[in-house]
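[1] Sequence below, structure please.
(chains A and B, ligands or ions: 2)
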Amino acid sequence: MTAPRPLSLHVPEPGCRPGDTPDFSDFEIPRAGAVRRPAIDEAPEDMRDMAFSVVRVLNKAGEAVGPWAGLLDAEALRTGLRHMLTLRQFDERMLKAQRQGKTSFYMQHLGEEAVSCAFRMALQDGDMHFPTYRQAGLLIAGGYPMTDMMNQIYSNAADPLKGRQLPVMYSARDHGFFTISGNLGTQFIQAVGWAMASAISNDTKIAAGWIGDGSTSESDFHAAMVFASSYKAPVILNIVNNQWAISTFQGMARGGAVTFAARGHGFGIPSIRVDGNDYLAVHAVASWAAERARSGLGPTLIEHVTYRAGGHSTSDDPSAYRSKEEFSAWPLGEPIDRLKRHLITIGEWSEERHTQALAEITDEVRACQKKAEANGTLISGPKPSPRLMFDDVYAEMPPHLQRQRQEAGF
Amino acid sequence: MARMTMIEAIRNAHDLAMDRDRQVVVFGEDVGYFGGVFRCTAGLQKKYGSNRCFDAPISENGIVGAAVGMCAYGLKPVVEIQFADYMYPAYDQIVSEAARMRHRSAGQFTCPMVIRMPTGGGIFGGQTHSQSPEALFTHVAGLKVVVPSNPRDAKGLLLASIEDPDPVIFLEPKRLYNGPFDGHHDRPVVSWKNHELGDVSEDYFTVPLGKAKIRREGSALTVLAYGTMVYVAQAAAEEAGVDAEIIDLRTLLPLDLETIEASVKKTGRCVVIHEATKTSGFGAELSAAVQESCFYHLEAPIVRVTGWDTPYPHAQEWTYFPGPERIKRAFAQVLEG
Ligand SMILES: Cc1ncc(C[n+]2csc(CCOP(=O)(O)OP(=O)(O)O)c2C)c(N)n1
Ligand SMILES: [Mg+2]
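    Ligands and ions are numbered 1, 2, ... in the order given. Prediction:
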């Protein structure tokens, strides 16, 4: 026997920090159209390959190719482009509003717009999403009024959540959008519970859980996986791998696994990786998973591979921990450009129409903002009454809270 | 002496502890390369290597559970929970494991760890960046609970907590990180750079756990407060012209009953203040303790000023926050009684 060598701790580090040159050469990206499309009832163990590849539809030339293409007509694609442009415009206006002090905080989607916008179009009204703070595309693509989103962000007199919640922590039950929690991961198992309830009630609705790459480390992620697996719950479990969790790169949460999607294998859950910056691919994979869930075939785990191009939130400056060049080196490009290019390639869009659409959207978002600001902002104008703070703690206000409300002067 | 913010003082304490004791390791979410979202651990990874200061996966129960295991080996982990509002996944590891380790193993295994977490509101953080969960820890046998109110104490108390052989919950009022805050949110912010308690020795020193500090001497009434509320109480006393004696508890558990008792016996009146919700809050424990030891010296019922029994709101933050006006009313009430 040789003397044992002293151990040392392995701490994963990204290959690229400020000052380094970004290098994504070890990220294996298949050609668009190259990845097969399994039958929805294929055995989970026979489709393990899907967790190690990337489903892509749009190629470099802007064409939609392969077995996952062909689901959306030109009108649907133009709608998708409009949704993404709207979300980006919305983000820009709200970031600016935050900088102007009109609200306390904001979180944007830059670079990730396709994920939530495309996914929403694959689900139906009546289905329920359990989102994180970075899926506002579900609301925008679902037709939720932008003015109400802004009312929430401004915590103003018309805020549907009565000024209680941090900006972007929306809740819209009628739009299939569960109330967002600030505590990471909690919603993932709740999505499974909702799906189980649909099954218990012999309903036809399905649920979608959402979680970030970093948050998959929370126990709620693992609880969701085992419940979804054991009960074959009609749920789509979405991991949005945008490469970063504040300053921590995705390798810290992924550990020794090759991909996040591979996490599903230990639970026997079919798991697919998709190009999250490809509107058509996200939509196609979401539709596939929705069909599985609705057919009683159980859960699907989807890893959306994308990149968080902006700061984590308005409280964050990413230049302290990652290279400024990383986004331009990101090999999956940028979702809006890619869909726009596709539409132009198939002769269904033009630069002129794009400019025109952008101008219309800018006007629309601006008009919503004006309407919202007429209801006040966090710093000026009408506000939700402080009295509202005491409501909804319980269905019926107990005497001690009544006394406190009185003491507070309301 | 150097002028330090609370963040700098906490960073400096980590630095000295790591320098002095190789068993001290520091980890948590975003704590390594970036140095923490509040920058309390900035520079430590660079100086001590990623073997001793590193990022953790986003798993609070993982962070504390791993720290328990490290303690069993013989290390002294100092871990950060990014916001106190996110400690709930770790609660089982804290309550069922860390707190009872010494007792259940008859001293074979112990948990000399420090769990740091920013607490309190006043930053428009809404319900998940504003909570003050101290009572959830003081209720647990086996934990010590510390709340510094200024840079000097933050450093000395953190070093004492790291030296301590038992698990210490170290609650950092985030509204005090960069300067004292008296509850007047509409006034310009004050920096520790212009405050005498921002004068912190760069040498190693400790402030003992279990010792309160009288921040303002007075004879009309006793205020029991900690963290941010110390400054709010001071402002209320100045503005109302009340001769209040203000005690900064600094450690909630073990509690410095001696200092409390001496003061209440002198003044005969007591106001208890905290930002956390009222029902079953730490104020209830304080009121009971004062009643038990000073009942015959009390000339009026003890009054509590606390956050309301609601989740911490966003827009209505300043209605929730127990500001100087509410404290002045409480002063009037106990002085009348
Ligand atoms: C339980 C809990 N722990 C920590 C945090 C603080 N926090 C907020 S967002 C975040 C990073 C999340 O990263 P990821 O899951 O990848 O989502 P992304 O922000 O990239 O969309 C952290 C650590 C929190 N909100 N909740
Ligand atoms: Mg992420």
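[2] Could you list the buried residues of the worst-scoring helix or strand of chain A on mean pLDDT?
    Every helix and strand in chain A was compared by mean pLDDT, DSSP states H and E; the lowest is helix A:326-329, with a mean of 96. For helix A:326-329, a neighbour-count test (16 or more other CB atoms under 10 Å in any protein chain shown) marks A:326-327 as buried. C-beta here means a position set from N, CA and C on the backbone, and glycine is covered the same way.
[3] Just want the most central residue of chain A.
    Central residue of chain A (CA atoms, centre = their mean): A:Gln135, 3.6 Å from the mean position.
[4] what sits against that residue?
    Each residue near A:Gln135 by CB atoms under 8 Å, 6 or more residues apart in numbering or on different chains is listed here: A:115-116, A:129, A:210, A:240.
[5] how close does it sit to ligand 1?
    Distance, A:Gln135 to ligand 1, using CB to the nearest ligand atom, to the nearest Å: 9 Å.
[6] ok but that residue is inside a helix, no?
    No: looking at A:Gln135 with DSSP: H, G, I helix; E, B strand; the rest coil, it is coil, so not inside a helix.
[7] The helix or strand hosting B:Leu224 pairs with which strands, and in what direction?
    Assigned by DSSP states H and E, B:Leu224 falls within strand B:221-225. Strand pairing for strand B:221-225, using DSSP bridges, gives strand B:244-248 (parallel), strand B:270-277 (parallel).
[8] How about residues contacting that strand?
    Here strand B:221-225 has contacts from B:232-233, B:237, B:242-249, B:260, B:263-264, B:266-274, B:283, B:286, B:290, B:331, B:334-335, using CB under 8 Å, 6+ apart.
[9] helix or strand for the closest residue to B:Tyr48 other than its chain neighbours, which one?
    Leaving aside its chain neighbours, B:Tyr48 sits nearest to B:Met18 (5.2 Å; criterion: CB to CB, 6 or more residues apart in numbering or on different chains). Using DSSP H and E, B:Met18 falls within helix B:6-20.
[10] Could you pull up the mean pLDDT of that helix?
    What helix B:6-20 shows for mean pLDDT is 98.
[11] same question, stretch B:283-290
    For stretch B:283-290, the per-residue pLDDT averages 98.
[12] what about it, near chain A?
    No: against chain A, stretch B:283-290 shows no contacts by CB under 8 Å from any CB of the partner chain, the least distance being 12.7 Å.
[13] if we can go back for a sec, so can I have a markdown table of the strands paired with strand B:221-225 showing mean neighbour count?
    A markdown table is the format used below for these (neighbours: other CB atoms under 10 Å in any protein chain shown):
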| stretch | mean neighbour count |
| --- | --- |
| strand B:244-248 | 25 |
| strand B:270-277 | 26 |
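[14] Can you lay out those as TSV showing mean pLDDT?
    Formatted as TSV, these follow (pLDDT from 0 to 100):
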stretch	mean pLDDT
strand B:244-248	99
strand B:270-277	98
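[15] nearest to A:Ala97, of those strands?
    Closest approach to A:Ala97 among these is made by strand B:270-277 (28.7 Å; CB to CB).
[16] near chain A, which residues of the stretch 201-337 of chain B?
    B:278-279, B:308-311, B:313-316, B:319-320.
[17] ok, these vs ligand 2, which is closest?
    Relative to ligand 2, the closest of these is B:His314; by CB to the ion it sits at 23.8 Å.
[18] I figured the closest one hits A:Gln152, correct?
    No: checked against CB atoms under 8 Å, the pair B:His314 and A:Gln152 is beyond contact range at 9.7 Å.
[19] And stretch A:117-128, what's buried?
    Neighbour-count burial for stretch A:117-128 flags A:117-123, A:127-128 (criterion: 16+ other CB under 10 Å).
[20] Show me the helices in chain A, by range?
    Taking DSSP state H as the criterion, chain A contains helices spanning A:74-99, A:113-122, A:137-141, A:146-154, A:186-200, A:219-231, A:251-254, A:279-294, A:326-329, A:335-345, A:351-374, A:399-407.
[21] what about the residue in the stretch 1-150 of chain A that ligand 1 sits nearest to, neighbour count?
    Closest to ligand 1 within the stretch 1-150 of chain A is A:Arg134: 4.3 Å, counting by CB to the nearest ligand atom. Close neighbours of A:Arg134, defined as other CB atoms under 10 Å in any protein chain shown, add up to 22.
[22] Could I get the contacting residues of it?
    For A:Arg134, the contacting residues are A:107, A:109, A:112, A:116, A:212, A:240, A:242, by CB under 8 Å, 6+ apart.
[23] if we go to 7 Å?
    By CB atoms under 7 Å, 6 or more residues apart in numbering or on different chains, A:Arg134 lies in contact with A:107, A:109, A:112, A:240.
[24] Just these: which are in strands?
    Those of the contacts of A:Arg134 mapping onto strands are A:Val240, per DSSP state E.
[25] what pLDDT, on average, does stretch B:148-167 get?
    Computed over stretch B:148-167, the mean pLDDT rounds to 98.
[26] and what of stretch A:116-134?
    Stretch A:116-134 comes out with an average pLDDT of 98.
[27] For chain B, just list every one of the strands.
    Counting by DSSP E, the strands of chain B are B:2-3, B:24-28, B:53-55, B:76-80, B:114-119, B:144-146, B:168-173, B:199-200, B:213-216, B:221-225, B:244-248, B:251-253, B:270-277, B:303-307.
[28] Out of those, indicate the one that is most buried.
    The highest mean neighbour count among the strands of chain B, using mean count of other CB atoms under 10 Å in any protein chain shown, belongs to strand B:221-225: a mean of 29.
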